[in-house]
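Chemist: need coordinates for the following:
(one chain, ligands or ions: 1)
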Amino acid sequence: MDNNPVDQVTYTEVMKKTRRRRKYFFATVLAYIPAILITHSISPTNIAMGTVFGIWLVVLIFTTFLVTLSKCPRCGNYFHMNGLTLLILRKCLHCQLHISADKIP
Ligand SMILES: [Zn+2]
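Modeler: Numbering: from 1, shown residues only. Model (predicted):
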């Protein structure tokens, strides 16, 4: 835990990592319906559906942790977390840093 400002290279890397983690998270959320539909068309049994749901849930929990534990490079706090509130917005919940702030010249 250090709340010191970081240099420009680290800053850009952290922002890229945060954006990548958000992509994984949203991709996981969106993958649920197709995964269930495909499984249902291949094998509409409770065991198959339950297995796919279980795998999806584990992946979702993992990606949620990755997103939750992303730090803001400007203020050093969790980017999407304020207290116990998890909000996956495009701005840091503490210092309002935009998720694409490093792309804007
Ligand atoms: Zn911040």
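Chemist: can you pull the pLDDT of residue 2?
Modeler: Note for residue 2: predicted pLDDT of 50.
Chemist: buried residues of the longest helix that the chain contains, list them for me.
Modeler: Using DSSP state H to define each element, the chain has its longest helix at helix 8-42. By neighbour count on 16 or more other Cβ atoms under 10 Å, the buried set for helix 8-42 is 11, 14-15, 18, 21-22, 25, 28, 35, 39. Where C-beta positions appear, they are placed from N, C-alpha and C, glycine not excepted.
Chemist: for that helix, name the packing helices and strands.
Modeler: The elements that helix 8-42 packs onto, with contact taken as 3 or more Cβ pairs under 8 Å, 6 or more residues apart in numbering; DSSP states H and E, are helix 46-68.
Chemist: CA atoms only: put the helix it packs on into CSV for me.
Modeler: C-alpha atoms of helix 46-68 as CSV (Å, rounded to 0.1, in the frame of the first residue of the first chain):
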residue,chain,number,x,y,z
ASN,A,46,-28.9,-30.4,-15.4
ILE,A,47,-25.4,-31.7,-14.9
ALA,A,48,-24.0,-30.0,-18.1
MET,A,49,-25.9,-26.7,-17.4
GLY,A,50,-24.8,-26.8,-13.8
THR,A,51,-21.2,-27.4,-14.7
VAL,A,52,-21.1,-24.5,-17.2
PHE,A,53,-22.8,-22.3,-14.6
GLY,A,54,-20.3,-23.3,-12.0
ILE,A,55,-17.3,-22.6,-14.2
TRP,A,56,-18.8,-19.3,-15.3
LEU,A,57,-19.3,-18.3,-11.7
VAL,A,58,-15.7,-19.1,-10.7
VAL,A,59,-14.4,-17.1,-13.7
LEU,A,60,-16.8,-14.2,-12.7
ILE,A,61,-15.6,-14.2,-9.1
PHE,A,62,-12.0,-14.2,-10.3
THR,A,63,-12.5,-11.3,-12.8
THR,A,64,-14.5,-9.4,-10.2
PHE,A,65,-11.6,-9.6,-7.8
LEU,A,66,-9.2,-8.5,-10.5
VAL,A,67,-11.4,-5.4,-11.2
THR,A,68,-11.9,-4.7,-7.5
